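K.L.:
I'd like to go over a predicted model; first the sequence, then the structure.
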Amino acid sequence: MPGPACWELQIVRRCDRHRFVVLPKRWIVERTLAWISRNRRLARDYERHARKAAAFVRLAMIRLMLRRLAATR
């Protein structure tokens, strides 16, 4: 039977040059998900099938686009 495990601890200093940076693409995705989740049915995971959930996401985006088109006229 092998002896007790030997652990080696290394303390690594973090580089302070790297700071948090907001990524522009991530902001677009998070904003779009927030718009989609405004729809009551998409706020929670009600759907049993992925195809239905995808259909409701598509409907939510169509609704969003229609509202934008109607506001520009």
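P.N.:
Structure received. Numbers count the residues shown, from 1 in each chain.
K.L.:
Grab the longest helix from this structure for me.
P.N.:
When the chain is scanned for its longest helix (criterion: DSSP state H), the result is helix 50-72.
K.L.:
buried set for it?
P.N.:
Within helix 50-72, the residues that qualify as buried by neighbour count (16 or more other CB atoms under 10 Å) are 56, 57, 60. C-beta coordinates here come from the backbone N, C-alpha and C atoms, glycine included.
K.L.:
who's in contact with it?
P.N.:
If you take CB atoms under 8 Å, 6 or more residues apart in numbering as the criterion, helix 50-72 is touched by 35, 36, 38, 39, 41, 42, 45, 47.
K.L.:
same check, this time on stretch 28-35
P.N.:
The contact list for stretch 28-35 (CB under 8 Å, 6+ apart) reads 60, 64.
K.L.:
show me where pLDDT drops low in the protein?
P.N.:
Across the chain, residues meeting the criterion (pLDDT under 70) sit at 1-4, 14-18, 23.
K.L.:
let's go with 90 and repeat that
P.N.:
Applying pLDDT under 90 to the chain picks out residues 1-57, 64, 67-68, 71-73.
K.L.:
The residue positioned nearest the centre of it and residue 60, how far apart?
P.N.:
The structure's the chain has its C-alpha centroid closest to residue 30; by CA atoms, centre = their mean the separation is 5.5 Å. Residue 30 sits 16 Å away from residue 60, going by CB to CB, to the nearest Å.
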